[in-house]
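Student: with the input below, show me the fold.
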Amino acid sequence: MSNKSSDPQDGRSREVFGPKFAIEAGNPDQTSFGPEAFSLKGTNDDNTNVLFSHHENNVTRLETQGTFEFTSGCKAGGDSKSIFALAQNGDIEINAATGGVHIKANSDLILEAKNIVLKGVSIQVGDQFAHGTKEINLTATTIQVSGKKGNLPQHLKLSWGAGISFGPGGFVGQAVSDKFFGK
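Tutor: This is a model prediction of the structure:
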């Protein structure tokens, strides 16, 4: 005779620590992430739930129905990293389903990668407020600007109007353009 039961619930264990907290292991129930290898589940008087679980498909989840605040580094040295996230393989994705993503720093904000891509219907760099952006520097071996509208293509003589007015054979001519606009 076999010692194994055919009931998948036999490997399941659950320790309940009052009405608000439980530890569970071996839950075979299917979820969106597969069966749970283990989990910590809790709630509060508002029935706002929190879950830490590891699943049989190697997904680990930390989920809360309320606000999640992660605070670190109050005893770390000034030159140390208080939060360090590393993806050994694959990407790191931050997604705000209905709001924005705000990143703030008291010192430098450094984006370092092979390629940095900014996508958006509208992209703003800097502001004009009293304590806002004072200077923008572009430093690179090649700086390529293209566009047909706005004041930057106009100043760089990339717009069709600037081409007609200041280009070779234009209304103003290249010599006048060079004298007045330094080009």
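
Student: right, and Asn27 touches Phe33 too?
Tutor: No - using CB atoms under 8 Å, Asn27 makes no contact with Phe33, being 11.4 Å away. Where you see a C-beta, it was placed from the backbone N, CA and C, and this is true even at glycine.

Student: mind listing the helices for this structure?
Tutor: 151-155, 160-166, 174-181 (DSSP state H).

Student: more neighbours: Asn27 and Phe33, which one.
Tutor: A count of neighbours by other CB atoms under 10 Å puts Asn27 above the other of Asn27 and Phe33, at 21 against 15.

Student: how much space separates that one from Ser13?
Tutor: From Asn27 over to Ser13 the distance is 9 Å, taken as CB to CB, to the nearest Å.

Student: pLDDT weak spots in the chain?
Tutor: Applying pLDDT under 70 to the chain picks out residues 1-10, 153-183.

Student: now the strands for it?
Tutor: With strands called from DSSP state E, the chain shows them at 13-16, 21-27, 36-42, 50-55, 60-64.

Student: turn those strands into a markdown table, including distance to Gln124.
Tutor: Listed next are the strands of the chain as a markdown table, based on distance: least, CB to CB, whole Å:
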| stretch | distance to Gln124 |
| --- | --- |
| strand 13-16 | 52 |
| strand 21-27 | 46 |
| strand 36-42 | 41 |
| strand 50-55 | 37 |
| strand 60-64 | 32 |
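
Student: contacts only, for the residue sitting nearest the centre point of the chain.
Tutor: By CA atoms, centre = their mean, the mean C-alpha position of the chain lies nearest to Ile94, the distance being 3.8 Å. Contact partners of Ile94, counting by CB atoms under 8 Å, 6 or more residues apart in numbering, are Val101.

Student: switch to 10 Å and redo it
Tutor: Residues near Ile94 by CB atoms under 10 Å, 6 or more residues apart in numbering: 101, 103.
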